[in-house]
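>>> okay, here's the prediction I keep looking at, along with the sequence it came from:
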Amino acid sequence: MTTESVFTGLKVLDVSSFIAAPAAATVLSDFGADVIKIEPPGAGDPQRRLSSVPPSPRAQANYSWHLANRNKRGMVIDLKSPAATEVLKRLVEWADVVITNFPHGARERLHLGYDEVAGWNPRVIYADITGFGDTGPDAGQPGFDLTATWSRSGLLASTRDAGAPPTVPVWGSGDYLSAIAIYAAIVTALYRRERTGQGASVGTSLLAMGVWATGTLVAGALADGTPFELHDRKAPANPLINPYRTADDEWFMLVASRSHWPGLTRAIGHPELLEDPRFADVEGFVKNSAALSDLLDAEFRSQPFAHWKDALGSERITYSLIQTPEEAARDPQLRANDIVVPLEGVSGLAETVSSPVNLRGVPKMPAKRAPDLGEHNDEILAELGFGPTEIAELRAEGAIPGTTEAETPREHGV
């Protein structure tokens, strides 16, 4: 029985590389869209090699490739070849959605500019992402999530402790967040097309996502607000929102409010603190934060995490164990909520991470391996109406790779 979902029948052309734009197409594929991914000849999308680039975890399976490109069909097309333009044109005419992240200028040279694409298919939803936006002095600057989402936005400067230099955040995190923004823009445009029949050009930038993620602090700056200093765990702006260490060397994040204070005093065995004038109001918490954080440090270090899990839980105080990625991967909560799902067809990789978008009662497509390089060239060209002679001519003209070139090692098994 064929699984159907929200976007079954939706046709998506993914002409993008690395993470953010391809991952947006993956979210559409999770809900049944037919996604065709276009890669350049040779090594293909650099995302194929990301799993082997430090500091990516070393593993046999090409996990990052399957994470961002599962459930797609794959083609290799040399868009620089004049003969490839007719193939691209037919793909655009076939598609409901075209996704790209080629820089402006390059995309126009490759016949991927919006005006040309919309001329071929006026109803198409054209979605793109840039590093720093379409206009402004840095519009043409190359961008990755570490530079545009994290560094330029204020997010990275704010995500460190006082006295510590900036660090390298989890790379790809800004890309995967931006993928959801592209997905949302596409879905918004599809809804509009249902109402008006009109196509649209939509998009976002890595910088826009970074500023949105830093929104509270940037909005505060726009209001000429006075910022607090960088976080100091020993004297935090708010000791009720702070990481603490337990007797068995576990760390957890406490996120409590003034209303939780009575319950917290009971949980740590010091109900008399309710009568302590130093902590009678918010101003007192701020003024005496070092003293309170010292007190909480000492108490939390006196018992193992299991004790505090019970004590804090019984008082309904919000907290969370600070887990490593390896611990998160084993967390049963992820499988109970289909955050981690089975992956079909990949040697050494039985599961992958699902997209965070869910419609209750509507199934997602089962996750299947990402395509090998050029795996579906002949199949898709035939669907587009190219006959065997025309396909042979495309190979002869260099628009698509020859049969020998297409026989690359199977990516899903290495």
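Received, thanks. These figures come from a predicted structure and were not determined experimentally.

>>> when you work out contacts or count neighbours from here on, use the C-alpha atoms and nothing else.
OK.

>>> do a quick rundown of the strands in this structure.
With strands called from DSSP state E, the chain shows them at 11-15, 34-39, 72-76, 97-100, 125-130, 200-205, 241-245, 251-255, 319-321, 340-344, 351-353, 367-368.

>>> got CSV for these, with distance to residue 266 too?
Below are the strands of the chain laid out as CSV (distance: least, CA to CA, whole Å):
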stretch, distance to residue 266
strand 11-15, 56
strand 34-39, 55
strand 72-76, 54
strand 97-100, 55
strand 125-130, 50
strand 200-205, 47
strand 241-245, 17
strand 251-255, 15
strand 319-321, 16
strand 340-344, 37
strand 351-353, 39
strand 367-368, 47
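
>>> so which of those strands comes closest to residue 297?
strand 241-245 (6.2 Å; CA to CA).

>>> contacts only, for residue 352.
Residues near residue 352 by CA atoms under 8 Å, 6 or more residues apart in numbering: 63, 66-67, 340-343, 367.

>>> typo on my end, it should be residue 175
Residue 175 makes contacts with 19-20, 145, 206, as judged by CA under 8 Å, 6+ apart.

>>> what's the pLDDT at it?
On the pLDDT scale, residue 175 is placed at 97.

>>> now it: closest residue in space that isn't a chain neighbour?
Spatial nearest neighbour of residue 175, chain neighbours left out: residue 20 (4.4 Å); criterion: CA to CA, 6 or more residues apart in numbering.

>>> again with residue 10
residue 33 (4.8 Å).

>>> the one you found and residue 50, how far apart?
25 Å (CA to CA, to the nearest Å).

>>> rewinding a little: wait, which of the strands of the chain is closest to residue 396?
Using CA to CA, these put strand 72-76 closest to residue 396, at 14.4 Å.

>>> alpha carbons only: can I get the longest helix along the chain in PDB?
When the chain is parsed with DSSP state H, its longest helix is helix 173-196. Extracted as PDB, the C-alpha positions of helix 173-196 are listed here (Å, rounded to 0.1, in the frame of the first residue of the first chain):
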ATOM      1  CA  SER A 173      22.400  24.300  13.300                       C
ATOM      2  CA  GLY A 174      21.600  27.700  11.600                       C
ATOM      3  CA  ASP A 175      21.100  25.900   8.300                       C
ATOM      4  CA  TYR A 176      18.500  23.500   9.700                       C
ATOM      5  CA  LEU A 177      16.700  26.300  11.400                       C
ATOM      6  CA  SER A 178      16.700  28.300   8.200                       C
ATOM      7  CA  ALA A 179      15.400  25.200   6.300                       C
ATOM      8  CA  ILE A 180      12.200  25.500   8.400                       C
ATOM      9  CA  ALA A 181      11.900  29.200   7.400                       C
ATOM     10  CA  ILE A 182      12.200  28.300   3.700                       C
ATOM     11  CA  TYR A 183       9.700  25.500   4.100                       C
ATOM     12  CA  ALA A 184       7.200  28.000   5.800                       C
ATOM     13  CA  ALA A 185       7.700  30.500   3.000                       C
ATOM     14  CA  ILE A 186       7.000  27.800   0.400                       C
ATOM     15  CA  VAL A 187       3.900  26.600   2.200                       C
ATOM     16  CA  THR A 188       2.600  30.200   2.600                       C
ATOM     17  CA  ALA A 189       3.100  30.700  -1.100                       C
ATOM     18  CA  LEU A 190       1.300  27.500  -2.000                       C
ATOM     19  CA  TYR A 191      -1.600  28.600   0.100                       C
ATOM     20  CA  ARG A 192      -1.700  31.900  -1.700                       C
ATOM     21  CA  ARG A 193      -1.500  30.100  -5.100                       C
ATOM     22  CA  GLU A 194      -4.500  28.000  -4.100                       C
ATOM     23  CA  ARG A 195      -6.500  31.200  -3.500                       C
ATOM     24  CA  THR A 196      -5.200  33.300  -6.500                       C
END
